[in-house]
Each structure stands twice: as C-alpha cells, then as structure tokens.
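> structure for the following, please:
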Amino acid sequence: MDMNGELKHRTVTTNGISMHIVEKGSGPIVLLIHGFPQLWFSWNYQISELANHGYRVIAPDMRGYGDTDSPSDPALYTLFHLVGDLIGLLDELGGEQVFVVGHDWGAEIAWFLALFRPDKVKALVNMGIPFRPISSSSQIKPVEFLIQMFGQGFYVSQFQEPGRAEKALARYDCLTIMKKFLFIDAPDLLIAPLGVEIIDFLNTPSLLPTWITEEELEFCATKFQKSGFTGALNYYRSMNKNWELTKPWQGAKIMVPTKFIVGNKDTGFISFGTKEYIEGESFKNCVPDLEVVIINGHHFIHQEKAEEVTNEILSFFNKFTSM
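Residues are numbered from 1 along each chain as shown. Take a look at the predicted model:
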C-alpha cells in the first residue's frame, strides 16, 4: 500500500472551497473522481499504476469528503457546484484537456463534466452509474419517484431528511460504518424494513475481502471521523435540485469517447432495469462513442478488481496519447 511514497498532497482553492488533492507522476493528466462513501484513497492502486505508465494522476477529496471543505448546506452540493469544483481545479492545473475516471457519485459528476464542458475531457472511463437521458417531461421529482417505487425504507429516501441519517450513523464508530457500506450483504435495492434505519439493517462482516485491509479502512475511517458524513449525504439531498437544474440539457448526448465498466454483481446493475439499459441500444444512443465492459464483481469494482480495471483504463486512454 502506497499511503505516502511519492504522492504529493496539496490544497487548491476552487469554486470558493479548499480542495485537497493527491498527485503523482508526469505526463497527460488523469483526473480520478471518487464516490460514496469514499476518498481519494479508494484510487490508491490506480494512482500508482497510472503514474508508472506515464500519466500525471490527480485524485481529489470531493466537496464534503476528507480534507476538502464540507459545507453543511445541502444547497451547496448540486451538480453545478461539484462540476464547478473540478473545472476550477482543471483551470488551476493549466486548463488542458484531461482524461477522466469516475465511480459511483464520481461517475455521475464525470458524466456532467463531459456534458457541460466536453472541451475539458479528452476521454472518459466511468464505473457503476450509467448516463441516463435527461427528460423535462416528467412531472414527478426523482426522490418522490423513488419513494413511490421503493418506500420510506429505501436508502435514498432515508438520506433526505437533514440529520436523520447522521443520528443513525452516530450509533456506530466510523470503521464499522465503512465496513457496512463497502461490504454490503443485503437484499437488492437496500430497502430497510419499516421503522429500521438502513445503517442498522446492514450487516457488519466478520472477515474482510482480500481487496482491502484493516489498515486501509482505518485510514478512511479516521478522515470520516474528522469530516462527518453530512457532506457525503448532501449529494443525495440535492437530487431533486439537480433534476431541475439540468432540464435545459434535455436530449443532450455525451459526445466524448467513453468506456463504461460495471460489475455483474453490482446491485445497481441488476436493479432499476440497468442491465437491460446498458446492454440495449438506449445507453449507446445517449453516449454514441461508447465501449461497455462488464466484469465479474460488485459495486466497488475499481478496488475489488483493481488490476483488471486499471488495465481497462490504460488500454482505453493509451489510444489517445499518441494522437
């Protein structure tokens, strides 16, 4: 594990916040965008390998996470804010076109970075969360739709009320919380029974999988102990606002070259009709220059299958480095 090594840690002021970034290597820039509930550190393997293969790797703690500022107001976590943070970061790095990799919420942010500012993105590798067509015809907001479909026990439903999830999480130490979220052993869709909080519903594994160590989890838990989870939860609390803000992009397509990677056992892949969407024509209609790779694994595929995923990233980005 390369927790220090040649890594450079520094702080960049972007879009009104202080953002912590980790940097390694030289060459074309690869921007790595983490998801929930993770940090720059989830890309530890990719940072070293991509740097060893001639790339300058930049991995920030996103707004609300780790050593980056974590405002408490959910209104400060829209896609405009999150993409804006990255645009400011890229401008600080010199303004050149970069390669982008995203996972989970990081994938959602990466899609909209590529949509809003395709001039900034040379090529994209996204994981876990496919781009969905933007529609202004629906009259029901996404959170209300999810509540209607899956009820109040659905994790997104429970995350909406400020303070509710924080109160439930406070019953556990951060290391246990990380284990519950990263190694989910629960029915599809993460729906808790009536009156049960989702964090209580999730099991705590007695044994760790081979792809992560107790030391790595403790490093991340220490950061969440400092920052808390409100910033991370605020991403979910901005979903309705994002729906409103992105309406002008109805029918817009992602035009940058893209590779999409997903685990075949990822709950998000086997639910919501996602598998059919990804394997059919609809996804490619929204992202015309698209490759899809389905890997044997779960949601945190970039850690579980770190070498395989990194090879997929390298094989894709290498196509563009000689252009």
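> and the residue nearest to residue 61 when sequence neighbours are not counted, which of the three is it?
Distances taken as CB to CB, 6 or more residues apart in numbering put residue 68 closest to residue 61, at 4.1 Å, once the chain neighbours are dropped. Placement of C-beta: from N, CA and C, glycine included. Classification of residue 68 by DSSP: H, G, I helix; E, B strand; the rest coil places it in coil.
> tell me how many other residues crowd residue 68.
Counted with other CB atoms under 10 Å, the neighbours of residue 68 add up to 23.
> distance of it from residue 123?
To residue 123, residue 68 is 25 Å away according to CB to CB, to the nearest Å.
> buried residues, the helix or strand of the chain with the lowest mean pLDDT. List them.
When each helix and strand of the chain is scored by mean pLDDT, DSSP states H and E, helix 267-270 comes last, with a mean of 89. Applying a neighbour-count criterion of 16 or more other CB atoms under 10 Å, the buried positions in helix 267-270 are 267-269.
> right, and residue 21 touches residue 12 too?
Yes. Between residue 21 and residue 12 there is a contact at 5.8 Å, judged by CB atoms under 8 Å.
> neighbour count: those two, which is higher?
residue 21 (22 against 18).
> my guess is the more buried one is in a strand, correct?
Yes. Residue 21: assigned to a strand according to three-state DSSP.
> nearest to residue 146 among the buried residues of helix 267-270?
Checking the buried residues of helix 267-270 against residue 146 by CB to CB gives residue 268 as the nearest, at 12.9 Å.
> show me the contacts for that closest one.
When contacts are counted by CB atoms under 8 Å, 6 or more residues apart in numbering, residue 268 touches 128-129, 262, 274, 299.
> out of these, name the ones that lie in strands.
residue 262 (DSSP state E).
> among the contacts of residue 268, which two are most distant?
Within the contacts of residue 268, 274 and 299 form the most distant pair, 11.8 Å apart (CB to CB).
> more neighbours: which of the two?
residue 299 (23 against 19).
> can you give me phi and psi for the more buried one?
Main-chain dihedrals, residue 299, degrees, to the nearest 10: phi -70, psi -50.
> nearest residue to it in space, please, no chain neighbours.
Residue 299 sits nearest to residue 266 (CB to CB, 6+ apart), 4.5 Å away.
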